[in-house]
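**Student:** Next input, structure requested:
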Amino acid sequence: MKHALLLSAAAVAALSLAACNKPASTTASDTTVAAGQAVNKAEDATGAAVGATSANTLGPHDTAAFVSNASQSDMYEIQAAQIAEKKSKNPDIKAFARMMVKDHTASSKAMAPLAQAAGQTPAADLDNRRHGFIDHLNAAPDADFDKVYADQQVAAHKEALDLLNGYAKDGPDPGLKDAAAKLAPTVQAHLDKITAIQASLKK
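**Tutor:** Numbering: from 1, shown residues only. This is a model prediction of the structure:
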């Protein structure tokens, strides 16, 4: 009987030791988070494609569409940057985010009276697509945040650049057309900067 008890105790001890030394396995929670991030990434890619199509079709020819998209672009950039300033630990990302707040606040102020003169009202809120981008930034784990932000920013600045260059070329309102041409080089500089940051994150 004593021998059996000793064997049982030894077995329990061995199992306990094995459990302590067993590598941490992926939990259901980890799997759910990873799946959610994959879905968000796919939605961001789809949203970027939709935005690129819009920026190259209706936006450059329709003043109402241009004003709506340009104003939402500024709003999205500012909101995304405010999240980046809080969540990122990367000094390059944080500096870029500060520049986004400054430059896109300035472009919003510059465009508002021109839009009014053209009989248009800037958007009051983000559309569902851009709300989705913001939601995905807020949901991104800290370890993945910089990449999610940089990927979104590259896509957003390509879209904005296409919209501005298109309206500068084909837009019907002279005041907004001139403003688009003047803003495009700044957006190109932003795109160049965030593309370089994006590349550095992959090293």
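
**Student:** make it CA atoms for all contacts and neighbour counts henceforth
**Tutor:** OK.

**Student:** By mean pLDDT, flag the weakest helix or strand of this structure.
**Tutor:** Lowest mean confidence among the helices and strands of the chain (mean pLDDT, DSSP states H and E): helix 2-21, at a mean of 38.

**Student:** Closest to the centroid, which residue in this protein?
**Tutor:** Q152 (3.4 Å; CA atoms, centre = their mean).

**Student:** Return the set of buried residues in the helix or strand containing V67.
**Tutor:** Assigned by DSSP states H and E, V67 belongs to helix 63-87. Neighbour counts over helix 63-87 (16 or more other CA atoms under 10 Å) mark 63-78, 80-85, 87 as buried.

**Student:** burial measure for H190, as a count.
**Tutor:** 21 (other CA atoms under 10 Å).

**Student:** those helices in the protein, which residues are they?
**Tutor:** In the chain, the helices defined using DSSP state H lie at 2-21, 28-55, 63-87, 91-117, 128-139, 142-170, 174-201.

**Student:** lowest-confidence stretch among those?
**Tutor:** Note on the helices of the chain: helix 2-21 shows the lowest mean pLDDT, a mean of 38.

**Student:** circling back to that earlier point, how about residues contacting the helix holding V67?
**Tutor:** Applying CA atoms under 8 Å, 6 or more residues apart in numbering, the contact partners of helix 63-87 are 58-60, 93-94, 96-98, 100-101, 104-105, 107-108, 115, 120-123, 125-127, 130, 134, 137-138, 142, 145-146, 149, 156, 160, 163, 167, 171-173.

**Student:** can you check stretch 175-188 too?
**Tutor:** Against stretch 175-188 from outside (CA under 8 Å, 6+ apart): 107, 111, 114-115, 118, 157, 160-161, 164-165, 167-171.

**Student:** repeat for stretch 97-107
**Tutor:** Taking CA under 8 Å, 6+ apart as the rule, stretch 97-107 contacts 74-75, 77-78, 80-82, 84-85, 183.

**Student:** Now tabulate the residues you listed in a markdown table and tack on distance to L201.
**Tutor:** Formatted as a markdown table, the contacts of stretch 97-107 follow (distance: CA to CA, whole Å):
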| residue | distance to L201 |
| --- | --- |
| D74 | 25 |
| M75 | 25 |
| E77 | 20 |
| I78 | 22 |
| A80 | 18 |
| A81 | 17 |
| Q82 | 20 |
| A84 | 15 |
| E85 | 17 |
| L183 | 27 |
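
**Student:** And those residues, which is closest to S200?
**Tutor:** Taking CA to CA as the measure, A84 is the one of these closest to S200, at 16.8 Å.

**Student:** The closest one and V39: what is the separation?
**Tutor:** Using CA to CA, to the nearest Å, we find A84 at a distance of 21 Å from V39.

**Student:** ok, now L176?
**Tutor:** L176 is 37 Å from V39, by CA to CA.

**Student:** quick one: which of the two has more around it?
**Tutor:** Legend: neighbour count by other CA under 10 Å for L176 and V39, higher for L176 (25 against 13).
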